[in-house]
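In: Below: sequence and its predicted model.
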Amino acid sequence: MRCHVCRSVSFLPLCKTCRRELLQPEPKTRRLDNGLEVISFYAYDDIEPFLLTKHLPHGWAIYRILAKESFSSFKRNIESGTMAIPIDDDPKSGYSHTAILARSLKSATCKTLYGKLHAQNRISYAGRSKSFRLQNPRNFLYTGSAGIKALLVDDIVTTGFTLMEAGDILARHDVEVSGAIVLADADRKG
């Protein structure tokens, strides 16, 4: 196998050198318009080539590395009894990148709730404006338990509309959303 970045021979899709040089997480918190706190570990532009692998057959392995490099230090801070809920963890290309991220949070204090929060609207938001996103909500369907504490998990936050909509639907089902965790924030200005 070859490293996805430098093409050197490696047992993993990202060699140790590239991991050390390119994956230095810098946690940052962003508060969305509805008050939801989102913790991100990278600026989108810094890891865009890795994020785009979610559309490739080997992307699951890269996402697993990204999760390990960033989320592993955070999971010690998760309140006991919290459920990690991946955003729309439908395995579209053989695997779900958000399920891989959520799985990395599994610990004695945090369990993962798979397959319970799905978008009914499958329109792609990639490269779309805020007004387009507002006019085409995800229309999430939640089929999980009520009365639980949850942490939303996604790969990218751009406008925050997806996370806000997911948080709102969970709140309507008596789920206390403590925040969200993502790999990358497309807007790290402030």
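Out: Everything's here; your move.

In: Next, the buried residues of the biggest helix by length in the chain.
Out: Secondary structure assigned by DSSP state H gives helix 59-74 as the longest helix of the chain. Using 16 or more other C-beta atoms under 10 Å as the test for burial, helix 59-74 gives 59-67, 69-71, 74. Just so you know, the C-beta spots here come from the backbone N, C-alpha and C atoms, and that holds for glycine as well.

In: where does this structure have its least confident helix or strand?
Out: helix 130-135 (a mean of 80; mean pLDDT, DSSP states H and E).

In: Centroid-nearest residue for this structure?
Out: The centroid of the chain falls nearest to residue 154 when counting by C-alpha atoms, centre = their mean (1.9 Å).

In: tell me the SS of that one?
Out: Assigned with DSSP: H, G, I helix; E, B strand; the rest coil, residue 154 falls in the strand class.

In: which ones are touching it?
Out: With contact set as C-beta atoms under 8 Å, 6 or more residues apart in numbering, residue 154 has these partners: 86-87, 98, 101, 162-163, 180, 182.

In: quick one: residue 92 from residue 55, how far?
Out: As judged by C-beta to C-beta, to the nearest Å, residue 92 and residue 55 stand 9 Å apart.

In: Is the closest residue to residue 180 other than its chain neighbours bridged to anything, and to what?
Out: Distances taken as C-beta to C-beta, 6 or more residues apart in numbering place residue 152 nearest to residue 180, at 3.9 Å, with adjacent residues excluded. For residue 152, the beta-bridge partners are residue 85, residue 180 (DSSP bridges).

In: Distance check, residue 152 against residue 8.
Out: For residue 152 relative to residue 8 (C-beta to C-beta), the value is 36 Å.

In: Provide a complete list of residue ranges assigned to strands in the protein.
Out: With DSSP state E applied, the chain shows strands at 28-31, 37-43, 82-86, 110-112, 117-119, 140-142, 149-157, 176-185, listed in chain order.
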